[in-house]
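J.: Any chance you can model this:
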Amino acid sequence: MIHLRTLPIALLLLTACAHSTVDVALPQGVPSIAYAAARNGRIVYEGAVNATPDTPYPIASVTKPFVATAVMKLAQRGIIDLDQPARRYARDWIPASHRYTVRQLLNHASGLPTYATIRWTGEPSPRFDLASMFGRYGFTAHPPGVVSEYSNLGYGLLGHIVAVQSGQTLARFLEREVFRPIGLRNTTMIESGAAPPGAVRKYGADGNPLPDTFNDTPGAGNIYASVDDLIRFGMYALYNEQAMYRYVQPGALYPYYNSSKYGLGWYFRTTADGTHVVWHEGGMPGASAIVVLLPEHDIVAAVVINSNDHNDFAQTVANRLIASLDPAIKPLTFDPVEGFVPYDEQPSLRGRWEGTVTIDGKPLRCAIEFDAGGKTTVAGEMLPQETSFKPLLNGDLVLGTFAATLPAEDVMQKPGYVLVRLVRRGDEMSGTMIAYATPDGLRHLYPFAVHLRRQ
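T.: Okay, the predicted model is just below:
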């Protein structure tokens, strides 16, 4: 079923004269899609296949701009000062030694690490609530302001701050102060695993239906929204939140998306031809989503899909929508590792680095060797044997992945992966090894602190 929203007659005439209809055919494995585009503050296209523009979809990390907007509402009322330590507003969670500000939480420069836990309906829930998990994994992998490290924990903490400082649940505050004032009728932050009424069903990348899921950092990924609401939120942001997608943390390393910046809830960059692009993507089991703002062109595009690992297709549809409004705009790319290069005997890394990875409070010996032949190996007490991997580099940031299971109490003791994220500062490297439960679903991403020194 293809559904196109009925627009006012004057706008329909304008659309018919200026633009052709944007038709979308679903590739294999995509169960449904909804998409929309707006220009000059008016919705020009809305369409859907196997859904309607009003159908709620899980939008995963596109939740973050909404939560950032809630934080800004409190800041505008003087309830929160963005440049004060976050601990002032959430002492029950944050140790006295943590000095990151609310602003640094918003732009992922707090030093908090990568983290996620997805609860699956019908499976035993994790033993800890978010406060307990923050106590276990809410360490600072880097000093505040050093690197923009995408952190669900940071946005989980921001959601907690909104609740504490407003005296309401995060879901209630968003409904009253963000969704309703903007006119969003089909947007909800879920407070359990159950999807809202009328929502799409989630599917895995293999095409099989998924049970309901729930992110244990609600501020990072628990909103459902229709594409009609998402395009309206995008228009609101375009015209009311310019400061949120222009802020840059002074001196911080911004390594992702070819050194794009992350402002206060939004990614942004300027392309080679001078186009200023603002966006956020979302991806989790049963969800692929993107919203794109082009401020100089007064264009917004949004796409939602109820299956994971289809962000490339969502990007393709968003580019088609944008091109239909302005063919002069070149296709946009959204590759998080664009700008990275493989390790190839770079002198800044070559040699042996030794130190520890701390697991469940215990420092275990760890060593990574970058050899002269371009090979990289990791070994230590946390692994049964030496393992090789192929790191990617962007300046002083090192990324890598190898198959292993870390011996941690919370980690599922079944085949998985370890993600390596390290930042070099002179002859020292620090960061995290992250236990990733896959390929049967994103049950968890749990970080463990790493400190190494060149030998």
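J.: ok, then the element right after the one helix or strand Ala289 maps to?
T.: Counting by DSSP states H and E, the element that carries Ala289 is strand 287-294. Later in the chain than strand 287-294, the nearest helix or strand by DSSP H and E is strand 299-305.
J.: any residues touching that following strand, and which ones?
T.: In this structure, residues lying in contact with strand 299-305 by Cβ atoms under 8 Å, 6 or more residues apart in numbering are 30, 32-39, 57, 59, 225-227, 230-231, 234-235, 238, 287-294, 313-315, 317-318, 321-322, 325-326, 329. Quick note: C-beta positions are derived from backbone N, CA and C, even for glycine.
J.: So which of these are in strands?
T.: 33-39, 57, 225, 287-294 (DSSP state E).
J.: Drop anything exposed from the contacts of strand 299-305.
T.: Neighbour-count burial (16 or more other Cβ atoms under 10 Å) applied to those gives 30, 32-39, 57, 59, 225-227, 230-231, 234-235, 238, 287-294, 313-315, 317-318, 321-322, 325, 329.
J.: All the strands of the stretch 301-450 of the chain, in order from the start?
T.: Assigned by DSSP state E, counting those that start in this stretch, the strands in the stretch 301-450 of the chain fall at 341-342, 351-359, 362-370, 376-380, 387-389, 392-394, 397-403, 417-425, 428-436, 444-454.
J.: go on, the stretch 51-200 of the chain?
T.: Under DSSP E, counting those that start in this stretch, the stretch 51-200 of the chain gives strands at 57-58, 116-120, 187-189.
J.: weakest of those strands by average pLDDT?
T.: Across those, strand 116-120 has the smallest mean pLDDT, namely a mean of 89.
J.: thinking again about what came up before, quick one, which of the strands of the stretch 51-200 of the chain is nearest to Arg269?
T.: Arg269 sits nearest to strand 116-120 of all the strands of the stretch 51-200 of the chain, at 24.7 Å, using Cβ to Cβ.
J.: What is that closest one packed up against?
T.: Counting contacts by 3 or more Cβ pairs under 8 Å, 6 or more residues apart in numbering; DSSP states H and E, strand 116-120 packs against strand 213-215, strand 444-454.
J.: among those, which gets the worst mean confidence?
T.: Looking at the helices and strands packed on strand 116-120, the weakest mean confidence is strand 213-215, a mean of 89.
J.: residues in contact with that one?
T.: For strand 213-215, contacts defined as Cβ under 8 Å, 6+ apart pick out 116-121, 152, 190, 192-193, 202, 221-222, 284-286.
J.: residue ranges with poor pLDDT in the stretch 101-250 of the chain?
T.: Low-confidence segments of the stretch 101-250 of the chain (pLDDT under 70): 125-128.
J.: picking up where we left off before, check the helices and strands packed on strand 116-120 for me and report the most buried one.
T.: Highest mean neighbour count of the helices and strands packed on strand 116-120: strand 213-215, a mean of 23 (counted as mean count of other Cβ atoms under 10 Å).
J.: Sheet partners, orientation included, of that one?
T.: In the sheet, strand 213-215 lines up against strand 116-120 (antiparallel) (DSSP bridges).
J.: What angle do strand 444-454 and the strand it pairs with make with each other?
T.: Calculated by axes from the mean of the first three to the mean of the last three Cα atoms, to 10 degrees, strand 116-120 forms an angle of 160 degrees with strand 444-454.
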